[in-house]
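Undergrad: sequence and predicted structure are below.
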Amino acid sequence: MAVLTVEFRSEILEKSMKIKVIVNESAKPPYPTFYLLHGLSDDESAWTRQTSLERYAKEYSFLIVMPDGARSWYCDSKLGMYESYITRDLVRFVDKLFPTRKQAKYRAIGGLSMGGYGAMKLGLKFPKLFGSISSHSGAIGYMRWAEKVTDIKETPVILDGMDVQANDPYELALKVPEKIRPNIYFDCGRQDFLYEDNQSFDALLHKNCIPHTYNRFDGAHEWSYWDIHIQDALKFHASAMAL
């Protein structure tokens, strides 16, 4: 396995950005890709520092691309155009740098907490770009409760002038045409403070007959939980890609 740190200039953000990429050297290109997003207090190195992702990835042929999303909630806002960075600059750069399979079926997105929200939002908003979505302990209802939470200092800047519905996974899930709807997987620990968020999203999908996989496990909002259940996401995406 190779773990690469790559730095390139994002024209959208107008700055140099770092990404981590796990490459299975025994896999044959062109590669499927899995974009894996970090949580609020982390960066592009979090998944490789805090979990055994590199070891788990040996069983799969896809590239795992981990960008730095800062504390942006992966939104386009006055904090920075991070949604556009991920969906335009980053995907374009990865597809240019590596021999990848460029169909949506072979491009997945996932994440934890803030990154779980980001993955669900971006996957549902750009179904022609991502064919499958995974979320662990996702803050999926962020757009619905963000104004009530005072300890996320970036929220007022992010929400300033924002079209909330266009960034709300609840709304986006109802708008995706059935023919291009991504495969959806998410999980949450029963002791997690975001458990009710995930329960509510599951109920919405069930009510509207939107196919998905939702798993509940024992566990809290912590790396020991995510280290175990990233393995479920890897299996899910491999199955969705028919690898």
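TA: Structure received. Numbers count the residues shown, from 1 in each chain.
Undergrad: report the mean confidence score over stretch 96-109.
TA: On average, the pLDDT along stretch 96-109 is 97.
Undergrad: next, the buried residues of that stretch.
TA: Buried positions in stretch 96-109, judged by neighbour count with 16 or more other C-beta atoms under 10 Å: 98, 100, 101, 104, 106, 107, 108, 109. Yep, even glycine has a C-beta here, placed from its N, CA and C like the rest.
Undergrad: and the gap between residue 37 and residue 179?
TA: For residue 37, the distance to residue 179 equals 26 Å [C-beta to C-beta, to the nearest Å].
Undergrad: same drill for the two, tell me which one is more crowded.
TA: Set side by side, residue 37 and residue 179 show more neighbours around residue 37, with 28 against 6, by other C-beta atoms under 10 Å.
Undergrad: just confirm the more buried one contacts residue 72, I think it does.
TA: No - applying C-beta atoms under 8 Å, one finds residue 37 not in contact with residue 72, separated by 10.3 Å.
Undergrad: helices of the protein, start to end?
TA: Secondary structure of the chain, counting by DSSP state H: helices at 46-50, 53-56, 82-84, 91-97, 114-125, 142-145, 155-159, 169-175, 195-207, 223-240.
Undergrad: got the ones you listed as TSV, with distance to residue 16 columns?
TA: Listed next are the helices of the chain as TSV, based on distance: least, C-beta to C-beta, whole Å:
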stretch	distance to residue 16
helix 46-50	19
helix 53-56	24
helix 82-84	15
helix 91-97	12
helix 114-125	21
helix 142-145	28
helix 155-159	22
helix 169-175	30
helix 195-207	34
helix 223-240	28
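Undergrad: what sits against residue 227?
TA: Contact analysis of residue 227 by C-beta atoms under 8 Å, 6 or more residues apart in numbering lists 50, 51, 52.
Undergrad: again, but for residue 234
TA: 34, 56, 57, 59, 60.
Undergrad: whichever of the residues you listed end up buried, select them in ChimeraX.
TA: Buried subset of those, written as a ChimeraX selection, criterion 16+ other C-beta under 10 Å:
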select :34,56,57,60
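Undergrad: so how far is stretch 79-94 off the chain centroid?
TA: Relative to the chain's own centre, stretch 79-94 is displaced by 13 Å; criterion: C-alpha atoms, centre = their mean, to the nearest Å.
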